[in-house]
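Participant: only geometry, no sequence info:
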């Protein structure tokens, strides 16, 4: 876990930002998370750190690719540790589990949308909602 946190510190510092003790506390709270989590859960476990610092650190981690934001079926936003490389998510509408999908075949669509709309696309995010195998088995 220490190597994970130190890797994050290096990534943040390489983006010309300093890692304050408060930021490090947020990184440590995120590192022990298992699965997806809400920002307020981090706020709750480190009440001595301001809410704004937590949200700012999470936003930075997303920007640097260290975390992914996941939009759940109920409209709430959660975070999950990022895996390397561009990917999307499968989100179970029953249990809320999140699985990564690697490989993205929407490049042609994005280029067409950009061309037709004169919109400069800088990124995209795809969440696919359904029921995971465990929840489908439990319903049978």
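Facilitator: Perfect, I can see it now. Since this is a predicted model, take the numbers as computed values, not measurements.

Participant: Just to be sure, residue 47 is in a strand?
Facilitator: No: under the criterion used here (DSSP: H, G, I helix; E, B strand; the rest coil), residue 47 is coil, not part of a strand.

Participant: what stretches of this structure score poorly on pLDDT?
Facilitator: Applying pLDDT under 70 to the chain flags residues 1, 83-85, 140.

Participant: one more time with 90
Facilitator: Applying pLDDT under 90 to the chain picks out residues 1-4, 15-16, 34-36, 63-65, 68-78, 80-91, 93-110, 120-128, 136-140.

Participant: which residues in it form helices?
Facilitator: Assigned by DSSP state H, the helices in the chain fall at 2-14, 21-31, 39-45, 51-63, 107-117, 133-139.

Participant: Generate a markdown table for those, with mean neighbour count and distance to residue 82 as supplementary columns.
Facilitator: Quick note: C-beta positions are derived from backbone N, CA and C, even for glycine. Shown next, in a markdown table, are those (neighbours: other C-beta atoms under 10 Å; distance: least, C-beta to C-beta, whole Å):
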| stretch | mean neighbour count | distance to residue 82 |
| --- | --- | --- |
| helix 2-14 | 13 | 11 |
| helix 21-31 | 18 | 11 |
| helix 39-45 | 16 | 16 |
| helix 51-63 | 16 | 8 |
| helix 107-117 | 10 | 20 |
| helix 133-139 | 11 | 24 |
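
Participant: Out of the ones you listed, the one nearest residue 73 is which?
Facilitator: helix 133-139 (12.1 Å; C-beta to C-beta).

Participant: so what does that closest one touch, helix or strand wise?
Facilitator: Judged by 3 or more C-beta pairs under 8 Å, 6 or more residues apart in numbering; DSSP states H and E, helix 133-139 is in contact with no other helix or strand.
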